[in-house]
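Q: Sequence plus the predicted model coming up.
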There are 2 protein chains.
Amino acid sequence: MNKSEALQNILQSKYPIIQAGMVWCSGWRLAAASCNAGAFGVIGAGSMYPEILDEHLSKMRLNTNKRFAVNLPLMYPSIEEHIELIITHKVPVVITSAGSPSKYTGLLKEAGIKVMHLVSSVAHAIKAEQAGVDAVIAEGFEAGGHNGRDETTTFVLCPSVAEAVSIPLVAAGGIRDGRGIAAAFALGANGVQIGSRFVLSEESSAHQAFKNLLRETDEGGTSLTLKELAPVRLIKNKFFEDIMDAYKQGADQSELRALLGRGRAKKGMFEGDLDDGELEIGQVAGYISEILPAAEIVNSLVSEFNETLDKLGKTATW
Amino acid sequence: MNKSEALQNILQSKYPIIQAGMVWCSGWRLAAASCNAGAFGVIGAGSMYPEILDEHLSKMRLNTNKRFAVNLPLMYPSIEEHIELIITHKVPVVITSAGSPSKYTGLLKEAGIKVMHLVSSVAHAIKAEQAGVDAVIAEGFEAGGHNGRDETTTFVLCPSVAEAVSIPLVAAGGIRDGRGIAAAFALGANGVQIGSRFVLSEESSAHQAFKNLLRETDEGGTSLTLKELAPVRLIKNKFFEDIMDAYKQGADQSELRALLGRGRAKKGMFEGDLDDGELEIGQVAGYISEILPAAEIVNSLVSEFNETLDKLGKTATW
């Protein structure tokens, strides 16, 4: 079984396109729509209390008969309850992130669950393989949400991870269309994970005001910051400027933590407070201007991918 | 004439692979070797006094009969003398960077010279096209040397520049092998510019100690810094740590400029002072471990590119 087949064995979706699990944006509605369109849907559990995750898992089953995953940040305080729910609901795949894969991978796999782990460096990819995960998702600097301190980009990261591990590689960060999927494949990926593009779907649970802001975000409209806490890519809104001011005044880690406070991501992405909210998104937000149904997004990804391969096929080799 | 043909018309090289013009690393020796191997060689004039550039141009003509370019940073103090030399020596192509393309493009084109301009954003690509340049080179965040304040990566930048301008696009930043060339093509590029990989060539004029350090540089070994002056990607050596300390102490622009001082790039890259020198290099330095003749580098780029296209051609479309 080659790596592409191994990934297909995990996802069992029509296309090796994973709709990223994202806090406040990807509940059952988006995940089910992605699944039903032939992609692989993911519920982002990082912004859900256990009872909310429970509800989303029940609704997911009612709205699709396809396989899907839950994205599980390993730092999440109620993680044990989340894992219990995941096992009870027989979730077929878990994507772990933001923590060491060695702690829960064994437990999940014993329950028959496939595990993919999010990494931002070759070193972490190797550790994840050693911890027994079934695939790695390598996320570049351009990705939204939390990513690596090394700032390694998708273009640089993918080929090296592909060489370093023998498990399948999913590329993430900067992929917004079918050209990007073809490029990721050229760089050695077996599949892709796409986030920001799906935040701008009709089914994403991002607040409409956040979606509208994203449509109008220009190039250079995001920045990776808060490296002293956990690096995160944010829209440059008023809250971002507050962070910049804090840096200018020499804020230390605890002052930054106090400034961030609690609940800012919810306030921004879910409740639509565009000034004081924490608005996590990828660099590609500067280049997407449409809000579409998830199925249309998937269809256009696939047709652009086919066109790109077709065009490359006509490129004279040297 | 499509964009690929238009680029071929500018370069007239066997392969649309540009060996980047880099301060202290790419004199006539590297540029001639790249040209003679079928790539497109570039002399980096940014680190040359006019009399040195004159000498390199003469030696270039003695060592290759192929077309080549001079990379010309537009902020360079003796730029008028450089341009005079370029015209006298009938240099066929000039790559301008670090400044507005509107000032000299007309003059160069009147002299029959093709002009390519280095950009790091869609907005600058559009301005360059309006200024009349023949092609743009879009350089991502992962590139070595000086690049954009927006931190847009190659993966994100390329498709948008390809859409925004009707002149050819050369992708730069993060490309170290034939997989990267194929990926750049998928993202809409018509050619590629490769820098760091050629710093690690036998013919590059980088100091041997710098080359040896690069061979051992690990992932995460570079960082983009000095955004208050002109953003530059550096090896994290002692000088880099000095910059970090200065930031911690709240250094302003003039203090950073004083810390940088004069001649640090020469000291590091050309004279081999690995502690106090300014060591400019791309993120890919963390993943290259061989010093090869430029011709071998070109040959392996080409064979990997062909293999990658072949593999992609066998990828089932969906």
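A: Nice, thanks for sending it over.
Q: Averaged pLDDT, the longest helix belonging to chain A. What do you get?
A: Using DSSP state H, we find that the single longest helix of chain A is helix A:294-314. In this model, helix A:294-314 has a mean pLDDT of 95.
Q: What residues of that helix count as buried?
A: A:Ala294, A:Ala295, A:Ile297, A:Val298, A:Leu301, A:Val302, A:Glu304, A:Phe305, A:Thr308, A:Leu309, A:Leu312 (16 or more other Cβ atoms under 10 Å in any protein chain shown). For every residue, glycine as well, the C-beta is placed using N, CA and C.
Q: Name the nearest of the residues you listed relative to B:Ala128.
A: Comparing the buried residues of helix A:294-314 against B:Ala128 with Cβ to Cβ places A:Thr308 closest, at 25.3 Å.
Q: I'd guessed the closest one sits against A:Phe185; true?
A: No. Here A:Thr308 lies out of contact with A:Phe185, judged by Cβ atoms under 8 Å, at a distance of 9.5 Å.
Q: Now the common contact residues for the two.
A: B:Ala186 (Cβ atoms under 8 Å, 6 or more residues apart in numbering or on different chains).
Q: burial measure for the nearest residue to A:His207 once chain neighbours are set aside, as a count.
A: Residue nearest to A:His207 in three dimensions, not counting chain neighbours: A:Gly272, with 3.4 Å by Cβ to Cβ, 6 or more residues apart in numbering or on different chains. Neighbour count for A:Gly272, taken as other Cβ atoms under 10 Å in any protein chain shown: 17.
Q: Is A:Gly272 in contact with A:Leu214, as I believe?
A: No. The criterion here is Cβ under 8 Å, and A:Gly272 misses it with A:Leu214 at 11.8 Å.
Q: Tell me the spacing between A:Asp252 and chain B.
A: Taking Cβ to the nearest Cβ, to the nearest Å as the measure, A:Asp252 falls 10 Å from chain B.
Q: and that residue, what does it touch?
A: Contacts of A:Asp252 (Cβ under 8 Å, 6+ apart): A:Glu228.
Q: what do you get if the cut-off is 7 Å, keeping everything else the same?
A: Contact partners of A:Asp252, counting by Cβ atoms under 7 Å, 6 or more residues apart in numbering or on different chains, are absent.
Q: So what does it look like in phi/psi?
A: When quoted as degrees, to the nearest 10, the phi and psi of A:Asp252 stand at phi -90, psi -180.
Q: just A:Asn237 next, same as before
A: According to degrees, to the nearest 10, A:Asn237 has phi -100, psi -170.
Q: Residues in a beta bridge with the closest residue in space to A:Met22 that isn't next to it in sequence, which ones?
A: Nearest residue to A:Met22, sequence neighbours excluded (Cβ to Cβ, 6+ apart): A:Gly44, at 4.7 Å. Counting by DSSP bridges, A:Gly44 forms beta bridges with A:Asn71.
Q: what's the neighbour count on A:Gly44?
A: With other Cβ under 10 Å as criterion, A:Gly44 counts 29.
Q: could you measure it against A:Phe68, distance?
A: 12 Å (Cβ to Cβ, to the nearest Å).
Q: got it, and A:Ala123?
A: A:Ala123 is 29 Å from A:Phe68, by Cβ to Cβ.
Q: the more surrounded of these two?
A: A:Phe68 (26 against 14).
Q: all helices of the stretch 201-318 of chain A, in order?
A: Here the stretch 201-318 of chain A has its helices, by DSSP state H, counting those that start in this stretch, at A:208-216, A:238-248, A:253-260, A:264-265, A:294-314.
Q: For chain B, what's the nearest residue on the stretch 201-318 of chain A?
A: Taking Cβ to the nearest Cβ, chain B has its nearest neighbour within the stretch 201-318 of chain A at A:Gly220, 3.4 Å off.
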